[in-house]
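A.B. asks: Take this sequence and fold it.
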Amino acid sequence: MIWISILSTLFITLLVLLSIVCCIPFEYALSGQKYETYFLEGKISWIFGGLKAGIVMKSYKKMAFSLKLLNFDMLSQYAEKKKEKVAQEKDKAIQKEKKRKNSKLNIREFLNKELLEVIFRFAAEIFNHLKPRTLLMQGSIGFDDPYYTGIFWGGLNILYPLLKDFDIQVVPIFHEEKLEGHFAIRGRIIIGVLILLAIKLLLSKPGRNVILHLMKSKKEEKAYVI
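C.D. replies: Purely as a prediction, here's the structure:
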């Protein structure tokens, strides 16, 4: 009986903590830029600023991470950015391209209109939930394959009704891979809502098809290795 009482107490405690995490909103702020060098800064706070975390990343600099509880420093850490040789970068790029060409899992095999509609609807619901108070985005974006640039641009146009009140100026680049510009966003997140939306996406017919496709491809890869 004592063990049952202890386990029940632990279960109820975990359930309460999980409910608190899922229901109390997180305030977030994210900004960054990428031109010749890049800069990225993210901040998140919870329980009315009682718990704060932040991260800063800069070109050729150490990544800084901090955690504060009631304005007291709980953690302050720096991670040095490793310098990679040009030869290693080239080899990495070659391996990435080879993997992309030889991979049995090709996104075009299941990327259809129905899936895109579900994904963009999911993105719209996520964005509607996040409701940023501030959103600024200016720059140029292009993928190595114009096909994906077109998909991105189409999705951005679908989201336009949600973005029209913000300063969004993005130029699509179809002839080269490019990512250049700056952005700033501030708002809040409720974890429980995101979990429900993610479950809704995974349980949709296109979502289930993608999961089944991934499971099938994984089995084929294991069979091939054996």
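
A.B. asks: I'd assumed residue 144 was in contact with residue 175.
C.D. replies: No - between residue 175 and residue 144 there is no contact, the gap being 10.9 Å when judged by CB atoms under 8 Å. The way it works is simple: take the backbone N, C-alpha and C, and place the C-beta from them, glycine included.

A.B. asks: who's more crowded, those two?
C.D. replies: Neighbours of residue 175 and residue 144, each counted by other CB atoms under 10 Å, are more numerous for residue 144; the result is 12 against 8.

A.B. asks: any low-confidence regions in the chain?
C.D. replies: 1, 74-113, 219-226 (pLDDT under 70).

A.B. asks: Okay, domains of this structure per the record?
C.D. replies: 25-83, 106-226 (automatic domain parsing).

A.B. asks: Include distance to residue 7 when you put those domains into a markdown table, please.
C.D. replies: Listed next are the domains of the chain as a markdown table, based on distance: least, CB to CB, whole Å:
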| stretch | distance to residue 7 |
| --- | --- |
| domain 25-83 | 28 |
| domain 106-226 | 25 |
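
A.B. asks: Now tell me what touches stretch 11-27 from outside.
C.D. replies: 44, 45, 46, 47, 49, 187, 188, 189, 190, 191, 192, 195 (CB atoms under 8 Å, 6 or more residues apart in numbering).

A.B. asks: Just the buried ones from these?
C.D. replies: By neighbour count, with 16 or more other CB atoms under 10 Å, the contacts of stretch 11-27 hold 44, 45, 46, 187, 189, 190 as buried.

A.B. asks: Buried ones in the longest strand belonging to the chain, by neighbour count?
C.D. replies: In the chain, taking DSSP state E as the definition, the longest strand is strand 178-189. By 16+ other CB under 10 Å, the buried positions in strand 178-189 come out as 178, 180, 181, 183, 184, 185, 187, 189.

A.B. asks: Residue 5 is nearest to which of the domains of the chain?
C.D. replies: domain 106-226 (28.5 Å; CB to CB).

A.B. asks: how far out from the middle of the chain is that closest one?
C.D. replies: 9 Å (CA atoms, centre = their mean, to the nearest Å).

A.B. asks: Can you list the strands that the longest strand of the chain pairs with?
C.D. replies: strand 26-34 (antiparallel), strand 134-142 (antiparallel) (DSSP bridges).
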